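Colleague: take a look and give me a structure for this.
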Amino acid sequence: MKKFIPVLILILAAASTFAQSPDTVAPNENLIVQGIPAVPAEIAARANQYTESRAAVPLDWNPLKREMLISTRFADVPQIHEVKMPGGARTQLTFFPDRTGNASYHPHKGGYFVFSKDAGGGEWFQLYRFDLASGDVTLLTDGRSRNLMGPWANAGDRLAYLSTRRNRADLDFYIVNPADKASDHLLVQNAGGGWGLVDWSPDDKTLLALEEISVNESYIWLVDAANGNKTLLTPKGGEKIAYNPIGFSKDGKGIFVTTDQGSEYQRLAYIDLATKTPKFLTSYTWDIEGARLSYDRKFMAFTTNENGISVLHVFDVVAGKERPAPKLPVGIIGGLMWHENNRDLAMYITSARSPSDVYSIDVTTGTVDRWTTSEAGGLNTRTFAQPELIKWNSSDGMGVSGFLYKPDASKFAGKRPVVINIHGGPEGQARPGFMGRNNYFINEMGAAIIFPNVRGSLGYGKTFALADNGMKREGTYKDIEALLDWIKTRPDLDANRVMVTGGSYGGHMTLAIATRYNDRIACSLDVVGISNFVTFLQNTEAYRRDLRRSEYGDERQPEMRAYFEKTAPFNMANNITKPLFVVQGKNDPRVPISEADQMVENVRKNGGPVWYLVAKDEGHGFGKKKNADFQFYSTILFMQQFLMGDEGRKTAAK
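Modeller: Residues are numbered from 1 along each chain as shown. All right, here's what the predicted structure looks like:
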């Protein structure tokens, strides 16, 4: 880390001399800037509406009433709110400077709820009890380790959770009665950071656990809730299979899972605990995701991911068949959550023209209720661009797809500049949800945006998801090279004005494209991206290191290390002559700031424009509105100067 200290000193020096003027937007005290010109106040005035959209997602139903907790943002970060009826007021309950995460009511009684919160984006989540009568907040965990909430016992007297408390690396299982902090105790020690807890057996004697090795390899364990003894349910040593446990059957003799065993896609299955033999219940040619059992274990809700669009299904466990599902708005569905009345199912729905909002359905009547209507800064979302599904072939013939959003041709004539925005993960997927600030680039600047799903993306079968692993990594770069070729075939897109951007793994892809195809792009914007897999794997937090090695490769192996060094954007930085903008959170536990520091330092040696923005109170991306706003305004300026050409200069002069 010492080699990067001079870079940080330069950044601090630059921050101290940043122009302060009523005609410019000054960065707040937690932002460190270098190389970024003064941002004109006119940019913020014009773009401000696009920063004011908000989203809402369900957290939990009140067990005694038809009310729920949701997460939404009214100030700087998302907080927990209470909503008492569909369309009712969103009453804020938590008021912290940092985001809050999951929240779960005490089952059956609801006198308090447990929630999680980190500090400064560092992802060292702590669990807290919020007492509804008094508003008192009590810390339940140690205040230092990473803690992840698990399931409540059916009796409501215990909460299982996971923690790195023992060594900050391995996720162990703990049990606590949140009403009695002294009851907290370690149940079992584990090795690795890929563990999860899913459900308690109906008699509360056994916990259902998942051990995830990679996106295509995971194992299911049964854990004795009294003594911590673990029993492996799915065998090791054979074909790599991905399991996602859903929960125990009502009689406790089996479990429901989704799995890609014998299939390209995740299918719904029932595994008998005695025979350990799966019985497959569905046969879709799409992945099942987001499955949840009702409290009485008689119904199961799940969604299928069909080219990025979600389709809701309700499965009658007793009858062994699906029930008709009500018609819902077309979009992405997530956050499935049953009420204890076993008929109300909550979820969020988002689309290109609608921020994420909370809905519920009554599975017995089919009634659909909308609980929130999230604002979009007063903008008319009906005018926002709708996605066009596009497809192209990579250099090796592999089919690749993505979503294209175009500006209104009646407003913006001629070939349009293009932003290629690459998703993170890499086990992620670009899906046609609400784009928030990105709508500004389309509606106000006239840029087209393409969200590609390069090889390695989820949603297209496990063969496609594994096609980028290890030394196959360069295939993903060639997928973008082929996209650059495809752009040239479109009469409405300008192949001479292309910006590549992305966050996390998408940030790595941004740097990789910038170093390999420098002459084919106008500029690049890297957000918390990996610049060298060797240094990344050495410095990412210990609890996630082995999980990442299973995807990228093991830097401790000489052959893999040599491949990493040969292909690292850091070692090809001299190829970058086009403007580069790097954004980084100082507290990032996933992609540490050293990845950004070393890349900025290397590219700067070329003498080309390098903008660098660091937030001292953020982690893996900017989650606080005031920081995200300055990043947004700076991005507009960057695009005006380096992507838009004469159009950008004319806009800036207005």
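Colleague: got a list of what residue 434 touches?
Modeller: Residues near residue 434 by CB atoms under 8 Å, 6 or more residues apart in numbering: 53, 55, 350-356. Just so you know, the C-beta spots here come from the backbone N, C-alpha and C atoms, and that holds for glycine as well.
Colleague: the same query, at a cut-off of 6 Å, please.
Modeller: 350, 355 (CB atoms under 6 Å, 6 or more residues apart in numbering).
Colleague: read off the pLDDT value for it.
Modeller: Note for residue 434: predicted pLDDT of 95.
Colleague: separation between it and residue 548?
Modeller: 29 Å (CB to CB, to the nearest Å).
Colleague: what of residue 379?
Modeller: In terms of CB to CB, residue 379 sits 38 Å off from residue 548.
Colleague: now swap in residue 205 and tell me
Modeller: 35 Å.
Colleague: tell me which of these two has more neighbours.
Modeller: Using other CB atoms under 10 Å as the criterion, residue 205 and residue 548 rank with residue 548 on top: 21 against 14.
Colleague: quick one: that one is in a strand?
Modeller: No: looking at residue 548 with DSSP: H, G, I helix; E, B strand; the rest coil, it is helix, so not inside a strand.
Colleague: look up the pLDDT of the nearest residue to residue 627 once chain neighbours are set aside for me, please.
Modeller: Distances taken as CB to CB, 6 or more residues apart in numbering put residue 615 closest to residue 627, at 4.7 Å, once the chain neighbours are dropped. Model confidence at residue 615, given as pLDDT, is 98.
Colleague: what ranges does the stretch 451-600 of the chain have for its helices?
Modeller: 462-465, 474-488, 505-516, 533-539, 542-552, 558-567, 593-604 (DSSP state H, counting those that start in this stretch).
Colleague: out of the ones you listed, which is the most enclosed?
Modeller: helix 505-516 (a mean of 27; mean count of other CB atoms under 10 Å).
Colleague: just the CA atoms of that one, as CSV, please.
Modeller: Presented in CSV, the C-alpha positions along helix 505-516 are these (Å, rounded to 0.1, in the frame of the first residue of the first chain):
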residue,chain,number,x,y,z
TYR,A,505,-16.4,-6.0,-12.7
GLY,A,506,-17.9,-3.6,-15.2
GLY,A,507,-15.2,-1.2,-14.1
HIS,A,508,-12.6,-3.8,-14.8
MET,A,509,-14.2,-4.3,-18.3
THR,A,510,-14.0,-0.6,-18.8
LEU,A,511,-10.3,-0.5,-18.1
ALA,A,512,-9.7,-3.6,-20.2
ILE,A,513,-11.6,-2.1,-23.2
ALA,A,514,-9.8,1.2,-22.8
THR,A,515,-6.4,-0.5,-22.9
ARG,A,516,-7.2,-2.8,-25.8
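Colleague: pLDDT below threshold where in the stretch 101-250 of the chain?
Modeller: In the prediction, the stretch 101-250 of the chain carries no residues with pLDDT under 70.
Colleague: can you give me the strands in it?
Modeller: Using DSSP state E, counting those that start in this stretch, the strands of the stretch 101-250 of the chain run over 112-117, 126-131, 137-139, 147-152, 159-163, 172-177, 180-188, 195-200, 206-214, 217-224, 230-232, 243-248.
Colleague: in CSV, list the ones you listed along with distance to residue 36.
Modeller: Formatted as CSV, these follow (distance: least, CB to CB, whole Å):
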stretch, distance to residue 36
strand 112-117, 31
strand 126-131, 34
strand 137-139, 38
strand 147-152, 36
strand 159-163, 40
strand 172-177, 43
strand 180-188, 46
strand 195-200, 40
strand 206-214, 38
strand 217-224, 43
strand 230-232, 52
strand 243-248, 43
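Colleague: residues in contact with residue 284?
Modeller: Residue 284 neighbours (CB under 6 Å, 6+ apart): residue 304.
Colleague: next one: it from residue 240, what distance?
Modeller: Residue 284 is 21 Å from residue 240, by CB to CB.
Colleague: need the residues that contact stretch 349-356.
Modeller: 53, 55, 57, 329, 331-333, 348, 359, 374, 376, 381, 384, 386-387, 432-434.
Colleague: now stretch 634-650
Modeller: By CB under 6 Å, 6+ apart, stretch 634-650 touches 36, 39, 43, 417, 497, 499, 522-523, 579, 581, 651-652.
Colleague: could you list the buried residues of that stretch?
Modeller: Using 16 or more other CB atoms under 10 Å as the burial criterion, the residues of stretch 634-650 that qualify are 634-644, 647-648.
Colleague: give me phi/psi at the residue nearest to residue 627?
Modeller: Taking degrees, to the nearest 10, you get phi -110, psi 120 for the backbone angles of residue 615.
Colleague: these two touch, right, it and residue 626?
Modeller: No: contact between residue 615 and residue 626 fails when scored by CB atoms under 6 Å: they sit 9.6 Å apart.
Colleague: the two - which one has more neighbours?
Modeller: Neighbour totals were compared for residue 615 and residue 626, and residue 615 leads with 28 against 19 (other CB under 10 Å).
Colleague: the more buried one pairs with what?
Modeller: residue 31, residue 585 (DSSP bridges).
Colleague: for the helix ranked longest in the chain, list the C-alpha coordinates in PDB.
Modeller: The longest helix of the chain (DSSP state H) is helix 625-642. Presented in PDB, the C-alpha positions along helix 625-642 are these (Å, rounded to 0.1, in the frame of the first residue of the first chain):
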ATOM      1  CA  LYS A 625     -27.100  11.200  -2.500                       C
ATOM      2  CA  LYS A 626     -24.800  14.200  -2.000                       C
ATOM      3  CA  ASN A 627     -21.800  12.200  -3.200                       C
ATOM      4  CA  ALA A 628     -23.700  10.500  -6.100                       C
ATOM      5  CA  ASP A 629     -25.000  13.900  -7.200                       C
ATOM      6  CA  PHE A 630     -21.400  15.400  -7.600                       C
ATOM      7  CA  GLN A 631     -20.400  12.200  -9.400                       C
ATOM      8  CA  PHE A 632     -23.300  12.700 -11.700                       C
ATOM      9  CA  TYR A 633     -22.600  16.300 -12.500                       C
ATOM     10  CA  SER A 634     -19.000  15.600 -13.100                       C
ATOM     11  CA  THR A 635     -19.900  12.800 -15.400                       C
ATOM     12  CA  ILE A 636     -22.100  15.100 -17.500                       C
ATOM     13  CA  LEU A 637     -19.200  17.500 -17.800                       C
ATOM     14  CA  PHE A 638     -16.900  14.700 -18.700                       C
ATOM     15  CA  MET A 639     -19.300  13.500 -21.500                       C
ATOM     16  CA  GLN A 640     -19.800  17.100 -22.700                       C
ATOM     17  CA  GLN A 641     -16.000  17.600 -23.100                       C
ATOM     18  CA  PHE A 642     -14.900  14.200 -24.400                       C
END
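Colleague: what mean pLDDT does it get?
Modeller: Averaged across helix 625-642, pLDDT comes to 98.
Colleague: continuing past the helix or strand of the chain with the lowest mean pLDDT, what's the next helix or strand?
Modeller: Every helix and strand in the chain was compared by mean pLDDT, DSSP states H and E; the lowest is helix 5-16, with a mean of 31. Once the chain leaves helix 5-16, the next helix or strand it forms, by DSSP states H and E, is strand 24-25.
Colleague: strands paired with that following strand, and their directions?
Modeller: Here, using DSSP bridges, strand 24-25 pairs with strand 39-40 (antiparallel).
Colleague: which other residues reach the following helix or strand past the strand it pairs with?
Modeller: Once the chain leaves strand 39-40, the next helix or strand it forms, by DSSP H and E, is helix 41-47. Around helix 41-47, the neighbours that count as contacts under CB under 6 Å, 6+ apart are 23-25, 440, 633, 636.
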